[in-house]
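> with the input below, show me the fold.
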Amino acid sequence: PYREFMIAEDDQQQMADLKTKFNAQYWESRHFVKKVKTPTFLVAHAEEILTAGRYLSSVRACGNGIFAPFPSARALSFEMGEASYGPIIKQANEYAGNLLLRTLLIEHNLRERLRVLKRYFLFEAGGCLTPPID
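Residues are numbered from 1 along each chain as shown. Okay, here's the model as predicted:
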């Protein structure tokens, strides 16, 4: 929020706009990596950090709180080289992805919603997309 780190936010992208023009642009362009402010030891992991942040932002948009640190987190200290940060960033990304998946599947009942859409568009019956037999 203070624009001091490598992840920036596009203030022109508002969640309220999703009601009138629903597309992936909000989720893709709301947050982005500022390459100029990316520390050299995190350059290789910048996209993974951004993705984890997007996942957590989506969970927050669903009305859930984010409990930090993630369960297997450990205290970080600066170390030369990027190799030591890779596994920690990967763990954080997996935690954020699993949290989002759990939120969508369990709390927002994604499977049932997809099942209803499948029924609505008659995909469940099968054969609705087969060409008519002459």
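> the spatially most central residue of the chain: what's its closest spatial neighbour, skipping adjacent residues?
With distances taken as C-alpha atoms, centre = their mean, residue 55 lies nearest the centre of the chain, 2.6 Å away. Of all residues not flanking residue 55 in the chain, residue 96 sits nearest, at 3.8 Å (C-beta to C-beta, 6 or more residues apart in numbering). C-beta coordinates here come from the backbone N, C-alpha and C atoms, glycine included.
> tell me where this structure has helices.
25-29, 46-61, 86-102, 110-120 (DSSP state H).
> in TSV, list those along with distance to residue 12 and mean pLDDT.
Shown next, in TSV, are the helices of the chain (distance: least, C-beta to C-beta, whole Å; pLDDT from 0 to 100):
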stretch	distance to residue 12	mean pLDDT
helix 25-29	9	73
helix 46-61	16	88
helix 86-102	24	89
helix 110-120	29	85
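> tabulate these (a markdown table), appending distance to residue 36.
Formatted as a markdown table, the helices of the chain follow (distance: least, C-beta to C-beta, whole Å):
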| stretch | distance to residue 36 |
| --- | --- |
| helix 25-29 | 18 |
| helix 46-61 | 12 |
| helix 86-102 | 20 |
| helix 110-120 | 38 |
